[in-house]
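Undergrad: mind folding the following:
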Amino acid sequence: QYLYFGPRDYAGALAELEVARRALPNDPRLFELTGYILRRRGQQEEGLHNLEHAVELDPRNFFTLQQIALSYQLLGRSAEAIAAFDRALAIVPDNVETRTARASYYVYWKADTRPLHQTIDAILAQGSGAIATAADLWFSCALAERDPAAAERALVALGDNPCWTDSAITLSRSFGEGLLARMNKDEASARAAFAAARVQQEKIVQAQSDYGPALCVLGLIDAALGRKDLALDEGRRAIALTPVENDVTNGSRVLQYFAITAAWAGEKELSLQQLEAGLRAPTESDMLSYGALKLFPVWDPLRGDPRFEKIVRSLAPK
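TA: Here you go, the predicted model:
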């Protein structure tokens with residue numbers, strides 16, 4: 001675990017796991033960790049196979065089933081991801097995060113917000129505090145439905161938690177306030193919220209100056225603030241710091257989110273190029289799914305462009 005989570009020596013970690021497997025051939029934890037490492041290296045199918053074997057050895061491992069769903073999502077296999085969530089919910093049927101995560105896949109897969117909206121309504125009916133651990137998905141649903149009132153309620157429920165998390169890409173509550181204000185066409189409030197988000201993000205970047213995902217988010221914020229050249233420089237530097245060859249998941253994410261940065265910076269040609277590159281990346285992102293491209297306001301600068309609309313149509317479920 002140290003080699004994986006610390007220096008990210010994936011080859012060394014796999015070698016240690018192979019040694020351990022000789023002594024503990026049926027220990028599900030070894031297959032589980034092997035699955036995570038292979039997934040991080042971009043060996044998605046092999047990683048998934050190991051996670052499935054871990055569940056065969058430990059059928060009621062709720063966390064591993066959630067991770068299997070994530071693996072299917074990274075492979076763009078939404079129907080199988082939903083089936084994996086169903087297996088997890090058979091063990092812990094009232095888990096709020098899993099119920100909403102399952103429903104959210106219909107948003108990304110089919111641009112259908114109804115299952116998530118209905119799930120959120122059912123959770124809210126249990127009491128206002130029940131939604132707290134899934135308020136980020138409530139906020140996403142509200143954005144997709146262009147419902148400012150629901151988005152505001154979701155931000156209240158969020159507290160100080162992020163409004164969006166996609167692997168290592170984390171967008172703060174202040175960022176969400178900026179998105180809501182911009183949806184309400186309140187530019188003064190939007191700038192104030194994004195400025196607050198920038199102060200928070202700059203501290204993270206200063207503490208981890210060579211961490212690409214944090215710099216990627218800073219670039220996105222600077223694009224929201226109209227700092228075009230700085231935003232593009234930060235986005236490009238984030239990509240250089242996180243090559244896909246070294247880190248498949250995070251490398252894919254900084255590449256994919258740079259498409260939004262470029263769009264917000266007014267560089268439509270660059271954004272479309274990055275969007276196409278992001279769609280070819282080794283792991284898929286919810287933000288570049290059919291549903292997100294069709295529904296989320298963050299992509300509005302590209303709407304109406306025939307090339308963007310063609311990309312959206314090409315991703316529609318067959």
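Undergrad: going forward, measure contacts and count neighbours with C-alpha atoms only.
TA: OK.
Undergrad: which residue ranges of the stretch 151-300 of the chain form strands?
TA: Secondary structure of the stretch 151-300 of the chain (DSSP state E, counting those that start in this stretch): strands at 164-166, 169-171.
Undergrad: partner strands of the last one and their direction?
TA: It stands for strand 169-171. Each strand that pairs with strand 169-171, with its direction, by DSSP bridges: strand 164-166 (antiparallel).
Undergrad: helices along the stretch 101-250 of the chain, start to end?
TA: For the stretch 101-250 of the chain, the helices defined by DSSP state H, counting those that start in this stretch cover 114-124, 135-144, 148-158, 173-183, 187-207, 212-224, 228-241, 248-264.
Undergrad: need those helices in CSV (columns: mean pLDDT, distance to residue 60 and mean neighbour count).
TA: As requested, the helices of the stretch 101-250 of the chain are arranged in CSV below (pLDDT from 0 to 100; distance: least, C-alpha to C-alpha, whole Å; neighbours: other C-alpha atoms under 10 Å):
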stretch, mean pLDDT, distance to residue 60, mean neighbour count
helix 114-124, 97, 24, 17
helix 135-144, 98, 26, 24
helix 148-158, 97, 30, 19
helix 173-183, 98, 34, 23
helix 187-207, 98, 37, 17
helix 212-224, 99, 34, 28
helix 228-241, 98, 39, 20
helix 248-264, 96, 27, 26
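Undergrad: those helices into CSV, with extra columns for distance to residue 59?
TA: Formatted as CSV, the helices of the stretch 101-250 of the chain follow (distance: least, C-alpha to C-alpha, whole Å):
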stretch, distance to residue 59
helix 114-124, 26
helix 135-144, 28
helix 148-158, 33
helix 173-183, 37
helix 187-207, 39
helix 212-224, 34
helix 228-241, 39
helix 248-264, 27
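Undergrad: nearest to residue 38, of those?
TA: With distances scored as C-alpha to C-alpha, the stretch of these nearest to residue 38 is helix 248-264 (10.1 Å).
Undergrad: which strands and helices sit next to the closest one?
TA: Packed against helix 248-264, as judged by 3 or more C-alpha pairs under 8 Å, 6 or more residues apart in numbering; DSSP states H and E, are the following elements: helix 212-224, helix 228-241, helix 268-279.
Undergrad: distance from the strand or helix carrying residue 97 to the middle of the chain?
TA: Secondary structure assigned from DSSP states H and E places residue 97 in helix 96-110. Offset of helix 96-110 from its chain centre (C-alpha atoms, centre = their mean, to the nearest Å): 12 Å.
Undergrad: tell me the bridge partners for the residue sitting nearest the centre point of the chain.
TA: For the chain, the residue whose C-alpha lies nearest the mean C-alpha position (C-alpha atoms, centre = their mean) is residue 166; its distance is 1.8 Å. According to DSSP bridges, residue 169 are recorded as the beta-bridge partners of residue 166.
Undergrad: hang on, residue 248 packs against residue 285?
TA: No. Counting by C-alpha atoms under 8 Å, residue 248 sits too far from residue 285 to count as a contact (11.9 Å).
Undergrad: still on that earlier bit, show me what contacts the residue nearest to the centre of the chain?
TA: Residue 166 is in contact with 253, 285-286, counting by C-alpha atoms under 8 Å, 6 or more residues apart in numbering.
Undergrad: how about residue 48?
TA: Neighbours of residue 48 in contact, by C-alpha under 8 Å, 6+ apart: 35, 39, 68, 71-72.
Undergrad: cool, residue 165 as well?
TA: With C-alpha under 8 Å, 6+ apart as the criterion, the residues that contact residue 165 are residue 171.
Undergrad: thanks a lot, catch you later.
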